[in-house]
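Asker: Pasting the sequence and the predicted model now:
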Amino acid sequence: MDPFVANPSLITSGDGWTEHISKEGRKYYYNTLTQESQWGKPLSLQTPEEAQILLKTGWQEFSSADGKSYWFHSATKRSVWNTPKEVEEMLKSLKEEREDWPQFKTKDEAKTFLVKLFELKKFPPRISWENASKILESDRRWSCFSILTRGERKQTFAEYMGSRGKRAAEEERQKRKKAKDLMVQNLLDWKELSFKTTYIDVADRFHFEEWWTWMQESERDDFFQEWMFDNEQMFKDKIKQRRRDDVAMLEEILEQNPTEFPFQKKWSEVKEQLLSHPKLQNMMKIDVLQVWEEWVRHGYEQERKQRQAHNFRRERKRRDAFRELLQDAIDKGELSSRTEWASFVRRVEGDARYTAMVGQSGSTPRELFTDAVERLKHHHDNLKHLLKRAAEKAGLDLKDPTLSFNQFYEVVRGLEDVKNINVLHVKNVFESLKGSGELQSSKSSVAHADNKQRNSRSSRHDEASSSSSSSSSSSSSSSSSSSSKAEGRDKERSDRDRDRDRERDKEREKDRDRNRDKTEDSRSRKLHKSYHDRSSSRAREAARDADGEQPRKRRNVEEDRRRRH
């Protein structure tokens, strides 16, 4: 029988079995009587130890082609290279059986070795003394315990079995506890575990584990059901975390592919593309929809903010351009503290820097014009006070009708504060000084004259003019304070513009909420009216039926009366 080769027999038995070596170097066995061959050693060729090992453990030793020994289990068909633990214990027990035990001199010593013999025999848990003694009598070491009476041997056996039962129960309890711990650990490591997982699913996955057999079927099932019930919150948290991870994944996909998924697209246009994405296969459809809605809302919100920022920058540039227009007019002498808005508009109505400001939100052209005029008035007051003092110091008589502007300008033009001032502004101050009749050198008379001159200009600036002309020293400090206030008004107006934009956005949100509430109220009123109309209709029909029933009854009564007559 290939690959067997009929080499000379190494071992023979009386029933025809012989041991041979194949051409691969493996041992095989051939029966000369039945013409059969096999790899495993026949029972007739096995040693007593090999026979007992095969009978009690199911393991049998074989040799591979390279001469290396391995063990094969006849029931489970499992093979291992190393000697199984059961075989090692069996070999140890057989070796101890061959040992010669001495005749014991004391009963305590005899009882100690008797317990050892009980352990070597590995009796089943519920074996009786009679059956155990039969097994012990076949052991040649049993005769060593002649010092003990049969009753003492039985008592020792009972104590041993009781103690072993307790140890076995504790070992079993520890084994079941360890099995539960291992089961929990494996469940926690199972990524596919969910609140829908059944015991059958668990059994299909873990039935091959060693710890699976450490508990009874009913105990495993009950423990699994209790564990699932106790960890319900864990599953809820696990689901929430998975949903959060899916949402984060989808948000990352949208952010990394803005051109593929622009927020201007409709849900119907991207639905199939998102739901079929390989990374979103386990994501709930409602979560995909909600993330897309948030993506669209965020996109339009960013677009609105960008548009708002663009408009703000454009309006700011227009305001800056109009301020440049005002400054150009001041430099040219076309704008002074006495310039009226109407006359200024007629001069600049064709300028693009003015027309761009018309109708713009925020500060109006007139407000910016008013601020510029206010600054000019404060500057005019300061310059007036300065030039007056210079004229008085030079000995000029401002009451002299023959005093010309050229004479006045020749005196004050050398002042440091006058060098960079337009001559027209200096002339306006000169005319103001000449027209006011301020000749007194005292501070109180100067303040009174300034106050009177300002009151004649415009009632709109009464309070500012009177405060600036109360005294020469207080005029200077008031002018600088008012100037700083005027500079601060620009910043306040910019802040006011931003606040106005924010308030406008809030009002739009409120309008949308009010419109939504109105729509819902209207729908509710329509439903209520429809219900009321149906109820009223049924009531009218019932009333008509009732009204028609009464004449019918009267007619029937009259007909009965006529028949009786």
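Answerer: Everything's here; your move. Worth saying up front: this structure is predicted, and the values here are computed from it rather than measured. Residues are numbered from 1 along each chain as shown.
Asker: middle-most residue in this protein, spatially?
Answerer: Taking Cα atoms, centre = their mean as the criterion, residue 244 is the residue nearest the geometric centre of the chain, at 5.1 Å.
Asker: Which strand or helix spans that residue?
Answerer: helix 232-256 (DSSP states H and E).
Asker: For the following helix or strand past that helix, C-alpha coordinates in PDB please.
Answerer: The element immediately downstream of helix 232-256 (helix or strand, assigned by DSSP H and E) is helix 267-275. The C-alpha trace of helix 267-275 is given here as PDB (Å, rounded to 0.1, in the frame of the first residue of the first chain):
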ATOM      1  CA  TRP A 267     -31.300  68.200  -0.800                       C
ATOM      2  CA  SER A 268     -32.800  66.200  -3.600                       C
ATOM      3  CA  GLU A 269     -29.600  66.900  -5.700                       C
ATOM      4  CA  VAL A 270     -27.100  65.600  -3.200                       C
ATOM      5  CA  LYS A 271     -29.300  63.000  -1.300                       C
ATOM      6  CA  GLU A 272     -28.200  59.900  -3.300                       C
ATOM      7  CA  GLN A 273     -24.500  61.000  -3.400                       C
ATOM      8  CA  LEU A 274     -24.300  61.400   0.300                       C
ATOM      9  CA  LEU A 275     -26.200  58.300   1.300                       C
END
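Asker: Run the chain-centre distance for the very next helix or strand once past helix 267-275.
Answerer: Sequence order places helix 285-332 as the next helix or strand after helix 267-275, per DSSP H and E. Put simply, helix 285-332 sits 30 Å off its chain's centre (Cα atoms, centre = their mean, to the nearest Å).
Asker: Mind giving me the packing neighbours of the helix or strand following helix 285-332?
Answerer: The element immediately downstream of helix 285-332 (helix or strand, assigned by DSSP H and E) is helix 341-348. In this structure, helix 341-348 packs against helix 285-332, helix 365-394, with contacts taken as 3 or more Cβ pairs under 8 Å, 6 or more residues apart in numbering; DSSP states H and E. All C-beta spots, glycine's among them, are computed from the backbone N, C-alpha and C.
Asker: Give me the distance from the helix or strand just after helix 341-348 to the chain's centre.
Answerer: Next along the chain after helix 341-348, taking DSSP H and E as the criterion, comes helix 352-355. Put simply, helix 352-355 sits 51 Å off its chain's centre (Cα atoms, centre = their mean).
Asker: Report the buried residues of helix 352-355.
Answerer: Buried residues in helix 352-355, defined by neighbour count with 16 or more other Cβ atoms under 10 Å: 353, 354.
Asker: What of stretch 306-321?
Answerer: 312, 315, 318, 319.
Asker: what's the spacing between the first one and residue 361?
Answerer: From residue 312 over to residue 361 the distance is 9 Å, taken as Cβ to Cβ, to the nearest Å.
Asker: do the same with residue 214
Answerer: For residue 214, the distance to residue 361 - Cβ to Cβ - is 80 Å.
Asker: Could I get the full set of strands for this structure?
Answerer: Secondary structure of the chain (DSSP state E): strands at 17-21, 27-31, 36-38, 59-63, 69-73, 79-80.
Asker: Tell me which of these sits nearest to residue 381.
Answerer: strand 79-80 (111.2 Å; Cβ to Cβ).
Asker: So which residues make contact with the closest one?
Answerer: With Cβ atoms under 8 Å, 6 or more residues apart in numbering as the contact definition, strand 79-80 has outside contacts at 70, 71, 72, 73.
Asker: Same list, those, but as CSV with neighbour count and pLDDT please.
Answerer: What follows is the contacts of strand 79-80, written out as CSV (neighbours: other Cβ atoms under 10 Å; pLDDT from 0 to 100):
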residue, neighbour count, pLDDT
70, 13, 81
71, 20, 82
72, 16, 83
73, 15, 84
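Asker: Turn those into a markdown table, columns for distance to residue 389.
Answerer: As requested, the contacts of strand 79-80 are exported to a markdown table (distance: Cβ to Cβ, whole Å):
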| residue | distance to residue 389 |
| --- | --- |
| 70 | 123 |
| 71 | 124 |
| 72 | 126 |
| 73 | 124 |
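Asker: How much space separates the closest residue to residue 249 other than its chain neighbours from residue 287?
Answerer: Leaving aside its sequence neighbours, residue 249 sits nearest to residue 279 (Cβ to Cβ, 6 or more residues apart in numbering; 5.7 Å). Distance, residue 279 to residue 287, by Cβ to Cβ: 13 Å.
Asker: buried sites along the helix holding residue 244?
Answerer: For helix 232-256, by 16+ other Cβ under 10 Å, it's 246, 247, 250, 253, 254.
Asker: Looking at those residues, spot the one nearest residue 265.
Answerer: Of the buried residues of helix 232-256, the one sitting nearest to residue 265 (Cβ to Cβ) turns out to be residue 254, at 11.1 Å.
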